[in-house]
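Colleague: Sequence first, predicted coordinates after that:
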Amino acid sequence: FPTPNIDRSVREGVELGRMYAMPVCSPTRAAVMTGRYSFTTGMQHWTTLTPGSTAHVPADTPMISESVKAYGYTTHAIGKWHLGASKWTHAPVGRGFQSYLGYLQGKTDYYNRTFPSCSTGGRCFFASNCAEWSPSNGKACAAPVLSPYGPDAAGLDWWRDAAAAPEHFGQYTVEDYMAEFRRVVRAKAATQKPFFIYFAQQLLHVPIEVPPEPEHLKVCEGVVGGFEQNNRTKLCAMASRLDATFAEVEATLRGAGEWDKTLLWVLSDNGGMTAWADHFPASASSNWPLRGGKTTLYEGGVRAVSFVYGGWAGLPSDVRGAVRTELTHAVDIHPTLLYLASGGRAPSGGFHGSNVWGTITGAAPTNRTELPLNIAVNRDLTLGVPNPFVKDAGAANFTALIAWPWKIIVGEAYVNLGAEVFPRGGWFTIGNYTYQPAPARPSTGVQLFDLDTDPNERHDVADAHPDVVTRLTERVAYWTSAAAGYRPPQLNVPFPGSNPRFHNWTYAPFQLL
C-alpha cells in the first residue's frame, strides 16, 4: 500500500520492531489504557465486546487519561472506544476524558455511523428487531425492522461527549475526526495547558468502505486480491486516506505552534485481519512474512506496528531512524507516558507494563525476556458466559507465551469463527495476495517456535525440545492462576435493555446504577 507519510514518520522517529498486542481489539485497548494485562481485568474476550455488553474496564483500575490529569494535562478522546459503555461512567467522559467524539461499539459504518442490530440472514442481537424470521432457518432473520437510520434495524453509534450526534449522517467519519483534532489542538491557545489526545483511528477496520476522494482509489489501481467486498483495492484506498491523516496531524500541530512540544506514539491494536473468508469479520490485510493475522496467536496476529515520533526534542535526534528489537507490549504505553507526563517520576500503580523510554532512546534497555501474549482456559472460551462444565474446563487453550527466544502456543491458535475459505493459520503474500497453507496441526496440542531463527513460525520444534515445552507450560500454569491475578472474562452478552430501539435508535448507555 502506498503510505509515504507514514513511512516518513517512521524514518523520523523510533520504530519498536517487537511490539506485541493482544490478538483482537478490546483486550489490547484495555491493556493500553490500564498498563495491565487484560486477562487480569476480565477484558480478554476473544469475541471482543458485543453491543449491549456490561463488560468494562474496572473502576478501580486507572486509565491513562485519569493518570495524566494529575499533572495538568487536558484529556481528549477521538474515534473508537470499545472498552465498555453500558453506563456513562464506563464511557470516555466517565473515565477521565474531558471531551470525546466517536463511536462506543466495536465498529460503525464510515458514512452512516450505524451498527446493524439485526442483519438480514445473519445475527440478530435483539429478537424484537426482526419483523419476519426465515421459514427455512428459524435462527435467521428474513426481514429486520427498518430504523430511522436505515435497514437491518440500524442503531446510531456516534457521540459528542455524552450526546448522540447525527448531524453529519452520510459524511465519511474521518472528516469529523480530523476536525475534532484541529479543534482540540487549537484550544490550547485558550487553556495554555498541555494536552493528551487518545486518537483511536477507525481506519482500516471493517466495514471496508472507500473514502469519497477519488485519488485514494487511483493510487491503488495496481493493488489486487481478496473478494468482491473485502478486497485489497478498497482496503488500500482506506490506507491511503489513513496516510493522509498523518500529514494533516503534523500540519495542524505545526500551524498551532505545537509540533516542537509534541510526542506521538502510534500503535496497531493487533495484526491485520486477512481474507480468510468472503464475509464479515474477514478483511483483506497481509502480515507477510509473518504467519496468520488478527484473531490468531501467530506473529501476524499479535505483532503490532508501533513507532514514536514528533517534533519534541526529548526524543534525541541521534536515535531517530532506529529500530528497537527488544520485547515491548501494549501494557508499556501507560507507564511510559506517565513517566514523561510527570517530568521523569518513576511510575507506580500496579502496572504489568514497564517504563520503556530507555528502550526507545537506547539509554536504559529493559532486558525483558518473558511476555504472556494471551492467557485463557477452556471455561472462558465460550460465547459471552464462562462455562465451568465444559471438558477440561481449567485447561489452558488459545494461550501463547514468549520466553525469549521461545514461543509456545498451547491449544488452539485461534477460536473458530465459522467456515473458512482459507484457514487463518497460513500466510498471505503481499504482491499478488496468494495464500500459503499452514502445515498440519500437531496432535499434542502444543506448538513451539524459536523466534530468533524462525520469526515467521514455519517450523514447530516442540518434539525436539520437550524440556523447553515443560518449562514454558509451567509458566503458562502460573499465568492462569489467581496468584498471577488471572480473572475470568466479564459477562459479555447483549442485554435486552440495550436495544437501540429503546433509546431513540442509538447505542446509548442503558444502565442507570
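Modeller: Sure, I can see it.
Colleague: now the residue of the chain most remote from its centre, nearest residue through space, not along the chain?
Modeller: In the chain, the residue that sits farthest from the middle, by C-alpha atoms, centre = their mean, is residue 135; the gap is 37.8 Å. Nearest in space to residue 135, with sequence neighbours left out and distances taken as C-beta to C-beta, 6 or more residues apart in numbering, is residue 142 at 7.6 Å. C-beta coordinates here come from the backbone N, C-alpha and C atoms, glycine included.
Colleague: A helix includes that neighbour, no?
Modeller: No - applying DSSP: H, G, I helix; E, B strand; the rest coil, one finds residue 142 to be strand, outside a helix.
Colleague: Do a quick rundown of the helices in the chain.
Modeller: For the chain, the helices defined by DSSP state H cover 4-11, 25-34, 64-69, 173-191, 214-218, 232-255, 299-302, 333-341, 357-361, 466-479.
Colleague: if I look at the nearest residue to residue 409 once chain neighbours are set aside, how far off is residue 391?
Modeller: Distances taken as C-beta to C-beta, 6+ apart place residue 447 nearest to residue 409, at 4.3 Å, with adjacent residues excluded. For residue 447, the distance to residue 391 equals 21 Å [C-beta to C-beta, to the nearest Å].
Colleague: Give me the more crowded residue out of the two.
Modeller: residue 447 (22 against 6; other C-beta atoms under 10 Å).
Colleague: which ones are touching the residue nearest to residue 135?
Modeller: 120-121, 130, 132-135 (C-beta atoms under 8 Å, 6 or more residues apart in numbering).
Colleague: If we use 7 Å, what do you get?
Modeller: Applying C-beta atoms under 7 Å, 6 or more residues apart in numbering to residue 142 gives the contacts 132-134.
Colleague: Just want to check the distance between residue 248 and residue 199.
Modeller: Residue 248 is 11 Å from residue 199, by C-beta to C-beta.
Colleague: When those two are compared, which one has more neighbours?
Modeller: Between residue 248 and residue 199, counted using other C-beta under 10 Å, residue 199 has the larger neighbour count: 19 against 15.
Colleague: and the more buried one, what are its bridge partners?
Modeller: residue 78 (DSSP bridges).
Colleague: Please tell me I have it right and it contacts residue 77.
Modeller: No - between residue 199 and residue 77 there is no contact under C-beta atoms under 7 Å: 8.1 Å.
Colleague: If you count neighbours, what's buried in stretch 334-352?
Modeller: 334-341, 347, 351-352 (16 or more other C-beta atoms under 10 Å).
Colleague: Identify the residue nearest residue 343 in space, chain neighbours excluded?
Modeller: Using C-beta to C-beta, 6+ apart, the closest residue to residue 343 is residue 71 (7.4 Å).
Colleague: how far away is that neighbour from residue 345?
Modeller: Residue 71 is 9 Å from residue 345, by C-beta to C-beta.
Colleague: can you check residue 113 too?
Modeller: 40 Å.
Colleague: State the number of residues packed around residue 479.
Modeller: Counted with other C-beta under 10 Å, residue 479 comes out at 20.
Colleague: my bad, residue 221
Modeller: Neighbours around residue 221, by other C-beta under 10 Å: 10.
Colleague: what's it sitting at in phi/psi?
Modeller: Here is the backbone geometry of residue 221 (degrees, to the nearest 10): phi -60, psi -30.
Colleague: got a pLDDT number for residue 121?
Modeller: Per-residue pLDDT puts residue 121 at 81.
Colleague: Assess the claim that it and residue 143 are in contact.
Modeller: No - in terms of C-beta under 7 Å, residue 121 does not count as a neighbour of residue 143; the distance is 10.1 Å.
Colleague: so residue 16 sits right up against residue 309, yeah?
Modeller: No - using C-beta under 7 Å as the test, residue 16 is too far from residue 309 to be in contact (11.4 Å).
Colleague: neighbour-wise, which of these two wins?
Modeller: residue 16 (27 against 22).
Colleague: What residues are bridge-paired with that one?
Modeller: residue 324.
Colleague: got the contact list for it?
Modeller: 306-307, 324, 328.
Colleague: TSV for the residues you listed, including pLDDT and neighbour count?
Modeller: Listed next are the contacts of residue 16 as TSV, based on pLDDT from 0 to 100; neighbours: other C-beta atoms under 10 Å:
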residue	pLDDT	neighbour count
306	98	24
307	98	22
324	97	22
328	98	26
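Colleague: Find the residue ranges of this structure scoring beneath the pLDDT cut-off.
Modeller: Counting by pLDDT under 70, the chain shows no low-confidence range.
Colleague: Apply 80 and report the result again.
Modeller: 122, 137-138, 349, 417-418, 441-443, 513 (pLDDT under 80).
Colleague: Roughly how far does the residue farthest from the centre of the chain sit from residue 143?
Modeller: 11 Å.
Colleague: and what of residue 312?
Modeller: For residue 312, the distance to residue 143 - C-beta to C-beta - is 56 Å.
Colleague: ok so, going back, what do residue 248 and residue 199 both touch?
Modeller: Between them, residue 248 and residue 199 share no contacting residue, judged by C-beta under 7 Å, 6+ apart.
Colleague: and residue 13, what does it touch?
Modeller: 307-309, 315, 320.
Colleague: cutoff 10 Å now
Modeller: Residue 13 makes contacts with 263-266, 307-310, 315, 319-322, 360, as judged by C-beta atoms under 10 Å, 6 or more residues apart in numbering.
Colleague: Setting the sequence-adjacent residues aside, check what's closest to it.
Modeller: residue 309 (2.7 Å).
Colleague: For stretch 268-278, output the C-alpha coordinates as CSV.
Modeller: As requested, the backbone C-alpha atoms of stretch 268-278 are provided in CSV (Å, rounded to 0.1, in the frame of the first residue of the first chain):
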residue,chain,number,x,y,z
SER,A,268,-1.9,-1.0,15.9
ASP,A,269,-4.1,-2.9,18.3
ASN,A,270,-3.5,-6.3,16.6
GLY,A,271,-2.2,-7.7,13.3
GLY,A,272,-4.2,-7.1,10.1
MET,A,273,-7.4,-9.2,9.5
THR,A,274,-6.8,-11.4,6.4
ALA,A,275,-9.2,-12.5,3.7
TRP,A,276,-9.8,-15.9,5.3
ALA,A,277,-13.5,-15.6,4.2
ASP,A,278,-15.6,-13.5,1.9
